[in-house]
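*Asks:* give me coordinates for this.
(chains A and B)
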Amino acid sequence: MTTSFRDLERVCKALGLKGIPKTNGMLWKGFVKGKFVRIMIHKHSGGKDVPTGTFNCYLKELGFSTAQEYNEFLNSI
Amino acid sequence: MKKENVKRNREIDNYENGTITKKEGRQGDSKDESRSLVKGGFMNMENIGGMKIIGLKDFRNNVSDIIFKVINNFQVVLTGNVKKGGPTVSIISTDLLEDILEKYEFNPEITYDEETKQHEISLKEINAFGSGDTKEEAIKIVLDNVMALTEDFFEDIELYMRMDPQKKQYPYFMRISHCKTESELLKVLNLVQ
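*Replies:* Now for the predicted structure:
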């Protein structure tokens, strides 16, 4: 189970992370459940899916325990 | 040129021996000296490890000589407000710093993800990722992401140095920030194919 980078950006925004434009994409950063998170999304990645390893790391960082929990949150925004 | 260097070194030696100002010599005789972790005059002290701490005024007055010696003789200089104490600044040759930073190695994980049919690169040391349809594209993207993360790290360094996980990334970002070319960065990140 994975997600697209575009959806990941929507989740970052909904969690209150601040989007900082960079030359080659957008850097999302801020605090989620008291933990500092920094996620860089490249401009060429937009429509592509997040590879499994990267997705699993981001899931934990964003405070989700499972991909299902992430998807439920995504569907609610 | 050689003559000039000898003269310069002599001046610095005199300076380090405390013969530049008489004031320093007098203050070095202070009775409080034995109770402190530092020895020597107030304006030019030496800590327990033998590293001299040069007062700000002396540093300002001898800046070019000090920098010459730091670069050419691999000396490390500590400077700060010697009278008031507190944190100091270390001046170190860039070559020496880069040698020290070599200890902070990057171990990239390069995998192929069957589910998304993409090549994936992760640099756990700085929490950087990159992916692409080809390995070359993944490398290009991870390089761009690393550069963006490095730029942000130093722009917001006051925040990052207050958080332990981010503070631990400092030497890695410092290593990256010293790269002059893309090929040098690839080498530092251990991404040379």
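*Asks:* which positions in chain A make contact with chain B?
*Replies:* Residues of chain A found near chain B (Cβ under 8 Å from any Cβ of the partner chain) are A:2, A:20, A:22-25, A:27, A:29, A:36, A:38, A:40, A:42, A:44-45, A:48-54, A:57. Every residue, glycine included, has its C-beta placed from N, CA and C.
*Asks:* what do you get if the cut-off is 7 Å, keeping everything else the same?
*Replies:* Residues of chain A lying close to chain B by Cβ under 7 Å from any Cβ of the partner chain are A:2, A:20, A:22-25, A:27, A:36, A:38, A:40, A:42, A:44-45, A:49, A:51-54.
*Asks:* please enumerate the helices of the chain.
*Replies:* Since you didn't name a chain, this refers to chain A. A:5-14, A:52-61, A:67-76 (DSSP state H).
*Asks:* the intended chain is chain B.
*Replies:* In chain B, the helices defined using DSSP H lie at B:2-16, B:22-28, B:56-61, B:63-73, B:94-101, B:135-155, B:157-160, B:164-167, B:170-177, B:182-188.
*Asks:* tell me how far A:Val32 lies from B:Asp144.
*Replies:* Distance of A:Val32 to B:Asp144, computed by Cβ to Cβ, to the nearest Å: 24 Å.
*Asks:* neighbour count for the two, which is higher?
*Replies:* B:Asp144 (19 against 15; other Cβ atoms under 10 Å in any protein chain shown).
*Asks:* next one: the more buried one, what pLDDT does it get?
*Replies:* The per-residue pLDDT reported for B:Asp144 equals 96.
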